[in-house]
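Trainee: sequence and predicted structure below; questions after.
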Amino acid sequence: MSIQTIHVRTNPEYDVVIGPGLLEECGSRLRETVGLCHMAVVSDSNVAPLYLERVRTSLERAGFTVSTCVFHAGEAYKNFNTLSDILEFLAGEQLTRTDCVAALGGGVTGDMAGLAAALYLRGVKYVQLPTTLLAAVDSSVGGKTAIDLRAGKNLAGAFMQPAAVLCDTDCLKTLPPHVFADGAAEALKTGVLCSEELFARIEPGLSMSELDEIIAQCVAFKAGVVERDEKEQGERKLLNLGHTVGHAIEKCSGFTIPHGHAVAAGMAIMARAAENLGWLTDEAKQTFEEGRIESAVENLGLPSSTEYPPEALAQAALSDKKRAGDSITIVVPSKIGRCELKTIPVSELRSVIEAGWAPE
Ligand code: GLY
């Protein structure tokens, strides 16, 4: 299978490289992009036993000095305590401004290692080595880094672009089904946002033979959005489709419902709300009448609804980053392949959620 490279024109610019066998080659590839240095590899307790030695060997063979930091896996650990441990580790290893952090793992690892890199010495380079589908199609690209606060998801963070992303698609072929499904939700989101053709490829279930191509399509779309709106002043907000309700579901569950599962339910709720509130264009009605978003979510083994009531979700969404004063910007599918931003008073959020909460 071929290796694909997508160039992201942000500041700094970087390549996202997608294909098999990239962890074995990470040393030589990163020597080209970031140069030889002390590489601090941050990973979690699920991923480290699978891939850390492979990465260490490749980096050391290429000439890097390597240190490793492994934290306890899980969204519940994406907090100040773990961030502080990572920062102390970087300081203890005496990383300097010419050194680099590598995030080896899924979205939690990428977000936290990226934030540690943004804070340590007021910013050192970092690279993303995503090992989950969710990180591959979404979180490893675009430079959002964050930890969760008790008040909600991703509430403390920074925009900091990575110096490179190496997405080894071999890692994705052995993911447990629920972890794979989690990433499929973000791929489906991309289809709803930008391409009925992409949506239709994912709709019946994600085929392994098309995986590399689908990841590349998702990354190419995201790269374009991030290039035009790096700091989420406008267009990038569209990437939050399903996320206002999704983040609220995650928070209500005490972060036991994984991100992609929560976003899938959030997307289905927004699709039903758009239909029930009469927000669809005539052209869109046909696709929505067929309930395609809801069915696709279910085909991927994801939830299309939630047990948490609209009131609790609206309350949880009050600390959402997309709120500005008394209004909040939500992302509304207007047809498959196109979504719009809609700013509503926060007081209306509950009725919007209510309109899409229960399946017909
Ligand atoms: N995950 C949405 C974004 O990167 O903007």
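Mentor: Looks like it arrived, so ask away. Numbering: from 1, shown residues only.

Trainee: so how far is the ligand from the closest residue in space to Leu193 that isn't next to it in sequence?
Mentor: When the adjacent residues along the chain are set aside, Leu193 lies closest to Cys339, with 5.3 Å between them (C-beta to C-beta, 6 or more residues apart in numbering). (Each C-beta comes from the backbone N, C-alpha and C, glycine too.) Between Cys339 and the ligand the distance, using C-beta to the nearest ligand atom, to the nearest Å, works out to 13 Å.

Trainee: now Arg29: how far from Ala163?
Mentor: Going from Arg29 to Ala163 by C-beta to C-beta, to the nearest Å gives 12 Å.

Trainee: still on that earlier bit, and the residue nearest to Leu193, which of the three is it?
Mentor: strand (DSSP: H, G, I helix; E, B strand; the rest coil).

Trainee: number of nearby residues for it?
Mentor: For Cys339, the neighbour count with other C-beta atoms under 10 Å is 26.

Trainee: list the contacts for it?
Mentor: Residues touching Cys339, when contacts are defined by C-beta atoms under 8 Å, 6 or more residues apart in numbering, comprise 192-193, 238, 241, 331-333.

Trainee: now with 10 Å, please.
Mentor: For Cys339, the residues meeting the contact criterion (C-beta atoms under 10 Å, 6 or more residues apart in numbering) are 189, 192-194, 237-242, 267, 270-271, 274, 330-333.

Trainee: for it, list each beta-bridge partner.
Mentor: Pro333 (DSSP bridges).

Trainee: how near is it to Arg272?
Mentor: Following C-beta to C-beta, the distance that separates Cys339 from Arg272 is 15 Å.

Trainee: show me where pLDDT drops low in this structure?
Mentor: Screening the chain residue by residue with the criterion pLDDT under 70, one finds the ranges 1, 286-289, 360.

Trainee: rewinding a little: would you mind measuring from the residue nearest to Leu193 to Asp320?
Mentor: Counting by C-beta to C-beta - Cys339 and Asp320 are separated by 17 Å.

Trainee: now for Ser207: which residues touch it?
Mentor: Taking C-beta under 10 Å, 6+ apart as the definition of contact, the neighbours of Ser207 are 201, 213-214.

Trainee: now, those that are in strands?
Mentor: Secondary structure assignment by DSSP state E places none of those in strands.

Trainee: got the residues of the protein near the ligand?
Mentor: Taking C-beta under 6 Å from any ligand atom as the test, the list of the chain residues beside the ligand reads 138-139, 142, 144, 236, 239.

Trainee: so which of those residues belong to strands?
Mentor: Among these, the members falling in strands (DSSP E) are Lys144.

Trainee: report the buried members of the residues of the chain next to the ligand.
Mentor: With neighbours counted by 16 or more other C-beta atoms under 10 Å, the residues of the chain next to the ligand contain buried members at 138-139, 142, 144, 236, 239.

Trainee: so who does Asp326 touch?
Mentor: Contacts for Asp326 were tallied using C-beta under 10 Å, 6+ apart; they are 345-347.

Trainee: check those against the ligand and report the nearest one.
Mentor: Proximity of the contacts of Asp326 to the ligand, judged by C-beta to the nearest ligand atom, is greatest for Val346, which lies at 21.2 Å.

Trainee: at which residues are the helices of the stretch 101-250 of the chain located?
Mentor: Along the stretch 101-250 of the chain, the segments classed as helices by DSSP state H, counting those that start in this stretch run 107-119, 133-134, 177-194, 196-202, 211-228, 243-252.

Trainee: among those helices, show me which one is buried the most.
Mentor: Across these, averaging neighbours per residue (mean count of other C-beta atoms under 10 Å) puts helix 133-134 on top, at a mean of 28.

Trainee: any idea how far that one is from the chain center?
Mentor: Going by C-alpha atoms, centre = their mean, to the nearest Å, the spacing between the C-alpha centre of helix 133-134 and its chain's C-alpha centre is 7 Å.

Trainee: for the strand or helix carrying Ser67, buried residues please.
Mentor: With the criterion set as DSSP states H and E, the secondary-structure element containing Ser67 is strand 65-71. Within strand 65-71, the residues scored as buried using 16+ other C-beta under 10 Å are 66-71.

Trainee: only the C-alpha atoms, please, for that strand, written as PDB.
Mentor: Coordinates of the C-alpha atoms in strand 65-71 are reproduced here as PDB (Å, rounded to 0.1, in the frame of the first residue of the first chain):
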ATOM      1  CA  THR A  65      18.600  10.300  22.400                       C
ATOM      2  CA  VAL A  66      15.300   8.800  23.700                       C
ATOM      3  CA  SER A  67      13.400   9.200  27.000                       C
ATOM      4  CA  THR A  68      10.000   7.700  27.600                       C
ATOM      5  CA  CYS A  69       7.100   8.800  29.800                       C
ATOM      6  CA  VAL A  70       4.100   6.500  30.300                       C
ATOM      7  CA  PHE A  71       0.900   7.700  32.000                       C
END
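
Trainee: the helix or strand just after it: which residues count as buried?
Mentor: Scanning forward in sequence from strand 65-71, with DSSP H and E defining helices and strands, the next element found is helix 80-92. Buried positions in helix 80-92, judged by neighbour count with 16+ other C-beta under 10 Å: 82-83, 85-87, 89-90.

Trainee: wait, what's in contact with the nearest residue to Ile249 once chain neighbours are set aside?
Mentor: Distances taken as C-beta to C-beta, 6+ apart put Ala262 closest to Ile249, at 4.0 Å, once the chain neighbours are dropped. If you count contacts by C-beta under 10 Å, 6+ apart, Ala262 has them with 153, 182, 185, 242-243, 245-253, 255, 302-303, 306, 308.
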